[in-house]
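**Q** Using only what follows, build the 3D model:
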Amino acid sequence: MYLNCKTYFSYRYGTFSTEALVNEAAEKGASAMALTNINNTSDWWDFFTLCHEKGIRPVLGAEIRNDDELMFILLAKNKAGLLEINRYLSHHLQHKEIFKETHWTENIWVIYPLGKKQPSLLAPNEKIGLRVSEVNKIFSADKNLLSRFVVCQAVTYKDKKGYNLHRLLRAIDKNIVLSRQETASIAAADEYFLSPAEILKAFRQYPLIVTNTLQLLDSCSYEVDLFTDKNKKVFSSTAEDDRILLEKLAIDGLHYRYGKKNKEADRRVKKELKIINDLGFNAYFLITWDVIRYAQSRGFYYVGRGSGANSIVAYCLQITDVNPIDLDLYFERFLNPYRTSPPDFDIDFSWQDRDEVIDYIFKRYGKDHVALLGMYSTFQYRAVVRELAKVFGLPKSEIDELTSNPKATLKEDKYQKYILYYGELLKNFPNHLSIHPGGMLISEEPVCQYTALDLPPKGFATAQIDMFVAEKVGLYKLDILSQRGLGHIRETIKLVKENHSISIDIREVEQFKKDKKVAEQIRRADTIGCFYIESPAMRQLLFKLKCGDYVTLVAASSIIRPGVAQSGMMREYIYRFHNPGKFEYLHPKMKELLEETYGVMVYQEDVIKVAHHFAGLDMGEADVLRRAMSGKYRGRKEFEAIREKFFENCRTIGHTDDIAKEVWRQIESFGGYSFSKAHSASFAVESYQSLYLKTYFPREFMVAVINNFGGFYDTEFYFHELRRAGGVVHAPCVNNSDELTNISGSDVHIGFIHVKQLEKKTIEKILDERNTGGAYMHLQDFIERTSTGMEQLNMLIRIGALRFTGRNKKELLWEANFLHKHVKQKTAVGNALFASKPLNFSLPKLEQTALEDAMDEMELLGFPLSDPFGLVDAELHIFIPARELKDYLGKQVEVIGYYVTEKPVVTIKKQLMQFGTFLDQEGNWLDTVHFPDVANRSPLIGKGFYHMKGKVVEDFGVFVVEVAWMKKLGRKVVQ
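**A** Coordinates of the predicted model:
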């Protein structure tokens, strides 16, 4: 009878969560119900399992709508029907076609709303749906046609509050104020959950319709085994062929990586191959190898990471470049006999290459069997408040005030109460489908057997299910990710080849690890631009550890994560690292398990080892713990169950409560933030590759960082590093610059792409004309050849792009205004066959100051090309530079800083404090700490210069200023 139920996956329409809908059905005594979200099948499988838990028969389908028009409801009779519905939805969603009738097979029930189709014209699998409120409308219907009707009570909301919420969602969707809402765009007033008794009472005169409905529900059932592997099962022709191929590739790779006489490597490869084969994961490894093989054939740089780097087979297949024997990686973290899901491979590619790799996977394994993994954008506080405020018609000023300050008092207090009340109800509602950052599904059966596929702007078919539902089904993702760091590496190698005629083999990581200059570069924490190790916090950590080797860098890559840092274990690790004989292990077992990391749990593997060997959890339970602490479970039920087992086992083993509680505290601090050691090791490999390039080719490296638009800092500070490395940075120039920044020797010309509001067509015209006609001779030549508009021409002059003429900007602006009119008139008469002679001008002397140049650069580039401290209105000699802070330890100092970035942190007392990063007057990096009282009194407020007073403090060799007073300084004014 409940053939038309919706959840909030009917985006901006439904008001029930999936669990709340099923609970409501159970409370009302429903024995069967259908989930029919609007053009969506996102939560089919959550609904399916929840219904079985409550003893309710689940029926899966979809409500098909064109905008506000209800076309029909589709219900699947069986597994083939599920595929048919998903394929139907996918076709129309991907081709952006309106939904219309088609030829339905007998695997589908089609239910039309009353009045949509004549009962006499219905096929055997088509019905007319009746709501309780529509019973009276069939009073005069032909009794012989009653078999064509079914009870179809729509369920959209629970009560009046839910109805109000629905109306608000519809107004948000239509982007209208509530008073302009039309009846056609909202659900009917009776779309709530009636009890079976109420429905039967309404249809008491039509028992045949009730019988039809119950028979329809009984005809729907699905033989689907959830939580079993649905990934592609075979890579080659048979499972046995896969086993043979993987073994051959692994042994070939073993000889390549280790030679033919390494017994330990040989033993481990054979052990892994057996487990991989026993668990049925040969195809998963071979598919990943196939992707890597394609990337290598195209010359793409990549990094294999995730727990997959624990595997020596993955290392031998060149999926990863992390040697698991050297690092004593814990294979059981990656794969163990308790594991039912395939292992986890994350493959990073350059942002420029990733889409081609994705395209290859779609074409190699077939569009029916491949999809990007979906996820959902959800309503969060600011967005909800802003949207609801618009719906209630609040002016923009009040909307801005309310989003920045929930306690703000508005003129219409009742609207504020409504917004905050319903905003809280809407929080975490799914808003629209999005794309997982890297997950791809490669299935044995068509992906549409489990989900409909949408087509976001990216252009690749995307599943309507998220990672959690996919795993419930048994579809496990392969992560094909992108990152800018690999783009830095790729472009640096290209620039070095062009600038020095040197070819670099970037996979010679073992040589980089032994390089003394690279080691010294890390030890100094001179890592700006280097993947994962350039942030202020990471550079401080490297300096505190005096990190000069790969193993320490691997540890640093993990202990910088919030869980370790916030639990206090990062500081403890640094102390123990420098004082190995001056601390006690929490328990003898902890020394046995964690001696390498001085008794501190640094990696996920450490947590698994402690859970297994210290607390007696089996490997399956330890893996559940690992997933829970990695944020890969949506709830905390599993986490809490493992917690109880942990303490129960500790008591049985004989550990004291205090020790057990402390060990658990350290485990719990990892929640959602921990890295596997293999993951950290993979990051460290890429960090070493970046470090090598920065050490030996610093100018090319910084240009590559700038051209890939990725990094922790604003572009300005990479140009600053470029100058420190000996680069001579020139403003954009029409004769020397390209769209991106280029380098020749030590000379660097800023790319036109950095000039704000300079149009792409202007850039293309400048470059095309220069490539075909040669360098521009003078201003008139440039105007005649490019026909650049006056506004764009002024911009180029002001940034200095025509300085080759020998005229200053003011002279050029005056001449350009005249020449532009002259060329326009000349063009109207007809193009000359030969270039005309330049006109000569006699102008009064027009002065252009360095300060005026810097102001132009600030406006057009966002930063000055000269020393920024030339702009500050202050006497620089009174301030202590960063390099002298060590001489003032414990003393009060005054410093000046040019703002780079800040890190806000919320303390245990829920107060805001800030960590600041600046450049000092000598161009060196300056770090500051702003405790809550100062952060509240004088907060950092973005770019500019700051005068600060405070005490110099030191922590493991890092000197920072604890700011007690701060003032933002003004800039000099052009006279």
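
**Q** number of nearby residues for residue 713?
**A** Other residues near residue 713 come to 18 when the count uses other C-beta atoms under 10 Å. Yep, even glycine has a C-beta here, placed from its N, CA and C like the rest.

**Q** and it, what does it touch?
**A** Applying C-beta atoms under 8 Å, 6 or more residues apart in numbering to residue 713 gives the contacts 528, 534, 900-901.

**Q** Below-threshold pLDDT in the stretch 501-650 of the chain: ranges please.
**A** Low-confidence segments of the stretch 501-650 of the chain (pLDDT under 70): 563, 628-638.

**Q** Ok, the chain next?
**A** 333, 337-338, 405-412, 563, 628-638, 670-674, 824-837, 841-843, 975.

**Q** so is the most centrally placed residue in the chain in a helix, a strand, or just coil?
**A** Centroid-nearest residue in the chain, with C-alpha atoms, centre = their mean: residue 437, separated by 4.8 Å. The three-state label given to residue 437 by DSSP: H, G, I helix; E, B strand; the rest coil is strand.

**Q** I figured it was touching residue 477, is that so?
**A** No: using C-beta atoms under 8 Å as the test, residue 437 is too far from residue 477 to be in contact (10.4 Å).

**Q** Looking at strand pairing, list the partners for residue 111.
**A** Beta-bridge partners recorded for residue 111 (DSSP bridges): residue 73, residue 127.

**Q** What is the burial count for it?
**A** The number of residues packed around residue 111, counting by other C-beta under 10 Å, is 25.

**Q** what's the offset of the top strand by length along the chain from the middle of its chain?
**A** Counting residues, the longest strand in the chain under DSSP state E turns out to be strand 892-906. Its chain's C-alpha centre and that of strand 892-906 lie 28 Å apart, by C-alpha atoms, centre = their mean, to the nearest Å.

**Q** ok, and for it, which residues are buried?
**A** 893, 895-902, 905 (16 or more other C-beta atoms under 10 Å).

**Q** just stretch 954-964 next, same as before
**A** Using 16+ other C-beta under 10 Å as the test for burial, stretch 954-964 gives 958-961, 963-964.

**Q** mind giving me JSON lines with the contacts of residue 713 and columns for distance to residue 392?
**A** Output for those, formatted as JSON lines (distance: C-beta to C-beta, whole Å):
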{"residue": "528", "distance to residue 392": "48"}
{"residue": "534", "distance to residue 392": "45"}
{"residue": "900", "distance to residue 392": "41"}
{"residue": "901", "distance to residue 392": "37"}
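
**Q** helix, strand or coil for residue 327?
**A** Three-state assignment for residue 327 (three-state DSSP): coil.

**Q** Please verify my assumption that it contacts residue 679.
**A** No: Residue 327 is not in contact with residue 679 according to C-beta under 8 Å; the separation is 11.7 Å.

**Q** Look at the two and report which has more neighbours.
**A** More neighbours surround residue 679 than the other of residue 327 and residue 679, with 25 against 19 (other C-beta under 10 Å).

**Q** Helix or strand: which one has the more buried one?
**A** Take DSSP states H and E as the rule and residue 679 turns out to sit in helix 677-696.

**Q** Roughly how far does the nearest residue to residue 585 once chain neighbours are set aside sit from residue 551?
**A** Nearest residue to residue 585, sequence neighbours excluded (C-beta to C-beta, 6 or more residues apart in numbering): residue 591, at 4.1 Å. Using C-beta to C-beta, to the nearest Å, residue 591 is found at 19 Å from residue 551.

**Q** Ok, residue 267 next?
**A** Per C-beta to C-beta, residue 267 is found 23 Å from residue 551.

**Q** cool, residue 322 as well?
**A** Distance, residue 322 to residue 551, by C-beta to C-beta: 12 Å.

**Q** So for the two, which residue has more residues nearby?
**A** More crowded of residue 322 and residue 551, by other C-beta under 10 Å: residue 322, with 29 against 14.

**Q** List the strands paired with the longest strand of the chain, with their directions.
**A** Taking DSSP bridges as the criterion, strand 892-906 forms sheet pairs with strand 912-919 (antiparallel), strand 945-955 (antiparallel).

**Q** got the CA coordinates for it in PDB?
**A** The C-alpha atoms that make up strand 892-906 are tabulated as PDB, following Å, rounded to 0.1, in the frame of the first residue of the first chain:
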ATOM      1  CA  GLN A 892      60.800  40.900  24.800                       C
ATOM      2  CA  VAL A 893      61.300  41.900  21.200                       C
ATOM      3  CA  GLU A 894      59.600  44.000  18.500                       C
ATOM      4  CA  VAL A 895      59.300  42.400  15.100                       C
ATOM      5  CA  ILE A 896      57.700  43.400  11.800                       C
ATOM      6  CA  GLY A 897      56.100  40.800   9.600                       C
ATOM      7  CA  TYR A 898      54.600  40.600   6.100                       C
ATOM      8  CA  TYR A 899      51.700  38.300   6.400                       C
ATOM      9  CA  VAL A 900      52.000  34.900   4.700                       C
ATOM     10  CA  THR A 901      49.400  32.600   6.400                       C
ATOM     11  CA  GLU A 902      47.900  31.600   9.700                       C
ATOM     12  CA  LYS A 903      46.500  28.500  11.300                       C
ATOM     13  CA  PRO A 904      43.600  29.000  13.700                       C
ATOM     14  CA  VAL A 905      43.300  26.400  16.500                       C
ATOM     15  CA  VAL A 906      40.400  25.900  19.000                       C
END
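
**Q** Use 72 as the first number from now on
**A** Got it, first residue is 72 now, which makes that one strand 963-977.

**Q** dump the residue contacts of residue 159.
**A** Counting by C-beta under 8 Å, 6+ apart, residue 159 has contacts 145, 173.

**Q** what's the spacing between the one helix or strand it maps to and its chain's center?
**A** Per DSSP H and E: residue 159 is located in helix 150-166. Relative to its chain's centre, helix 150-166 lies at 28 Å (C-alpha atoms, centre = their mean).

**Q** Quick check: buried residues in that helix?
**A** 152-161, 163-165.

**Q** Surely residue 81 forms part of a strand?
**A** No: Residue 81: not assigned to a strand; according to three-state DSSP it is coil.

**Q** How about the contacts made by it?
**A** Residues in contact with residue 81 (C-beta under 8 Å, 6+ apart) are 108-109, 111, 134, 227.

**Q** and if we set it to 7 Å?
**A** With contact taken as C-beta atoms under 7 Å, 6 or more residues apart in numbering, residue 81 is in contact with 108-109, 111.

**Q** do the same with residue 573
**A** Neighbouring residues of residue 573 by C-beta under 7 Å, 6+ apart: residue 567.

**Q** if you set the cut-off to 10 Å instead, what comes out?
**A** Contact analysis of residue 573 by C-beta atoms under 10 Å, 6 or more residues apart in numbering lists 564, 567, 767-768, 771.

**Q** any chance you could map the strands in the stretch 722-871 of the chain?
**A** 799-801, 813-815, 818-820 (DSSP state E, counting those that start in this stretch).

**Q** Need the residues that contact the first one.
**A** Outside of strand 799-801, the residues within contact range by C-beta under 10 Å, 6+ apart are 770, 773-774, 790-791, 793-794, 807-808, 812-814, 816-821, 871, 874, 936.

**Q** 6 Å instead?
**A** With contact meaning C-beta atoms under 6 Å, 6 or more residues apart in numbering, strand 799-801 is reached by 790, 794, 817-820.

**Q** Done for today, thanks.
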